[in-house]
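**Q** Sequence and predicted structure are below.
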Amino acid sequence: MIPALLFATGVGAGALGALIGVGGGIVLVPVLSLAFGVPLQHAVAVSLACVIASSTGAAAAYVRDHRIDVRLGMQLELFTVAGAIAGAFVAPLLPKAAIEILFGLMVIPVVRSLLRPAPAEEVARVEGRGGARNLPLGCAASFGAGTLSAVLGIGGGPIKVPVMTLILGVPFKVATATSNFMIGVTAAASVFVYLSRGLLDLGIAVPTVLGVIAGATFGARLMPHVPTRLLKKVFAVVLGLVGAQMLAKGLGVDPGGLL
């Protein structure tokens with residue numbers, strides 16, 4: 001396996017993750033498993049390590065630009081983690097296929113909302129934090145996001161960003177930056193489980209992680225210069241892919257792991 005190709009893959013995944021706040025799994029898991037022939041569990045382990053790297057690589061630039069709402073992120077992350085723990089317990093009792101189909105259908109109105117023109121107040125405060133509204137509802141939605149993440153096996157970014165933008169009214173760029181911070185915390189807890197099971201291949205992880213750090217740093221510096229409208233379109237495409245994957249799996253067709 002060529003380290004230079006792994007590094008290049010990591011650069012692309014890190015840049016995408018930093019720009020839209022979903023982590024790099026949308027790129028890394030399918031590329032590692034399909035193009036490089038890495039077993040799926042090993043690919044997921046490398047992806048989790050790269051999410052930590054992406055979060056860390058982007059954090060310095062986002063903190064400098066005052067884009068991360070650390071207080072909000074920690075509040076929501078507490079409920080997300082609680083939901084993930086609950087989801088791990090109830091997952092065996094729930095009809096997973098039905099939930100996958102429901103999630104796939106729920107993505108449609110969310111994508112439509114993201115593609116609508118931004119309200120004037122969001123345009124006016126898109127470069128600032130702007131404060132969150134409906135915090136109790138946002139915390140409840142974060143608990144649900146954590147539960148769904150655990151039950152469906154998807155990363156939290158595709159759920160956390162819509163929760164912050166559509167429910168809490170957080171500007172999109174602040175939401176993606178804060179999501180990057182949050183998914184790093186979540187992935188840090190998960191990756192040790194894979195490491196303890198011997199599923200993290202350092203020969204694959206090291207060059208990929210180095211690429212992700214470089215890509216995430218570049219993506220974080222690029223993000224202020226990319227129109228919010230374009231970022232929303234990219235995120236909507238990614239979310240649509242996740243929804244399509246969940247819908248396909250619910251209907252009995254497994255297209256392979258994306259996130």
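**A** Arrived safely, thanks for sending.

**Q** Where do the helices of this structure begin and end?
**A** With DSSP state H as the criterion, the chain has helices at 3-20, 25-30, 40-64, 70-90, 96-115, 120-124, 135-152, 157-162, 172-196, 202-222, 228-250.

**Q** Least confident of those helices, on average?
**A** Per-segment mean pLDDT for those reaches its minimum on helix 120-124, at a mean of 47.

**Q** give the contact list for Glu77.
**A** Counting by Cβ atoms under 8 Å, 6 or more residues apart in numbering, Glu77 makes contact with 142, 182, 185-186. In this view, the C-beta of every residue, glycine as well, is placed from N, C-alpha and C.

**Q** how about His66, phi and psi?
**A** phi 60, psi 40 (degrees, to the nearest 10).

**Q** follow-up on the earlier one: most tightly surrounded among the helices of the chain?
**A** helix 157-162 (a mean of 28; mean count of other Cβ atoms under 10 Å).

**Q** Quick check: which helices or strands does that one pack against?
**A** helix 3-20, helix 96-115, helix 135-152, helix 172-196, helix 228-250 (3 or more Cβ pairs under 8 Å, 6 or more residues apart in numbering; DSSP states H and E).

**Q** which residues touch the closest residue to Lys249 other than its chain neighbours?
**A** By the measure of Cβ to Cβ, 6 or more residues apart in numbering, the closest residue to Lys249 outside its immediate chain neighbours is Glu100, 5.1 Å from it. Glu100 makes contacts with 152, 246-247, 249-250, as judged by Cβ under 8 Å, 6+ apart.

**Q** Adding distance to Gly12 as columns, could you present those residues in JSON lines?
**A** Listed next are the contacts of Glu100 as JSON lines, based on distance: Cβ to Cβ, whole Å:
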{"residue": "Leu152", "distance to Gly12": "25"}
{"residue": "Met246", "distance to Gly12": "23"}
{"residue": "Leu247", "distance to Gly12": "26"}
{"residue": "Lys249", "distance to Gly12": "25"}
{"residue": "Gly250", "distance to Gly12": "29"}
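
**Q** Alright, that wraps it up for me.
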